[in-house]
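> My questions are about this predicted structure, shown below with the sequence.
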Amino acid sequence: MTEIWLIRHGETAWNAESRLQGQLDVPLSPKGIAQAFRVAERLKNSQLAFDALYTSDLSRALQTARPIAENLGLDLWLEPRLREIDVGKLQNKLHEEIKREFPDYYRAVSADPWNTPRPGGESMADVACRVEDFLHELPEGRFIAVAHGGVIRAALKVVLGLEGLSWRKFHIQNTSITRLTYPEGGALTVGDVGHLETWADHLSDDQVASGGMGQASESSR
């Protein structure tokens, strides 16, 4: 059995503004850095063994993955297939700007959010193809993949065989943990942010972030 722990990257300033990032290389905010250290501490305290750590090669994912790698003693494998959806001309846009500037696209994506490509970019179906390709190559074991909200929703649809628009209903917060089994098609947890809630309340974000980003070796694959 393959068990994959999908972790969304920490918060960026653009996340806080609800501004589309797509594949633009936006770094973590101070809050996002603190979130990365919280999830890394949680994974270390779990005392579970992981076979490998993969990450999207965008900065916000890398910055989230580095403390995890350091805490677990794992190398980072850079995986472009875990990149966020390419939103093309919608990069750096707010929802209301998109609705106003791209009315034809807005109508199309409202009718079919899975198959409609972003102007000059990808559709969610495109993202699902590369995510499934990545999952299919994993051997048996337990793995971590630091990725993005769109990637995790695509993985949920693919792995669980979700019908209709149910894939849109999951709330995938920054540094949330989603645990799936593949190809069995099971969900162990979805959108778990316990490390941002009660168990980590003794740590302030400033205290966590002051530890620095951590270093780990990185490999491309």
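That came through fine.

> report the longest helix in this protein, please.
Longest helix of the chain, by residue count under DSSP state H: helix 30-46.

> What is that one packed up against?
Contacts defined by 3 or more C-beta pairs under 8 Å, 6 or more residues apart in numbering; DSSP states H and E place helix 30-46 against helix 59-72, helix 205-209. For every residue, glycine as well, the C-beta is placed using N, CA and C.

> Point out the most buried one among those.
With neighbours taken as mean count of other C-beta atoms under 10 Å, the helices and strands packed on helix 30-46 reach their highest mean count in helix 59-72, at a mean of 23.

> Spit out the contact partners of the spatially closest residue to V159 that is not a sequence neighbour.
Counting by C-beta to C-beta, 6 or more residues apart in numbering, V159 lies nearest to L180, which is 4.8 Å off, once chain neighbours are set aside. Applying C-beta atoms under 8 Å, 6 or more residues apart in numbering to L180 gives the contacts E3, I4, L6, A155, L156, V159, L160, G186, A187, L188.

> okay, those in JSON lines with distance to E137, neighbour count and secondary structure next?
Shown next, in JSON lines, are these (distance: C-beta to C-beta, whole Å; neighbours: other C-beta atoms under 10 Å; DSSP: H, G, I helix; E, B strand; the rest coil):
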{"residue": "E3", "distance to E137": "15", "neighbour count": "20", "secondary structure": "strand"}
{"residue": "I4", "distance to E137": "12", "neighbour count": "21", "secondary structure": "strand"}
{"residue": "L6", "distance to E137": "15", "neighbour count": "28", "secondary structure": "strand"}
{"residue": "A155", "distance to E137": "14", "neighbour count": "25", "secondary structure": "helix"}
{"residue": "L156", "distance to E137": "19", "neighbour count": "25", "secondary structure": "helix"}
{"residue": "V159", "distance to E137": "14", "neighbour count": "22", "secondary structure": "helix"}
{"residue": "L160", "distance to E137": "19", "neighbour count": "15", "secondary structure": "helix"}
{"residue": "G186", "distance to E137": "19", "neighbour count": "13", "secondary structure": "strand"}
{"residue": "A187", "distance to E137": "21", "neighbour count": "13", "secondary structure": "strand"}
{"residue": "L188", "distance to E137": "21", "neighbour count": "13", "secondary structure": "strand"}
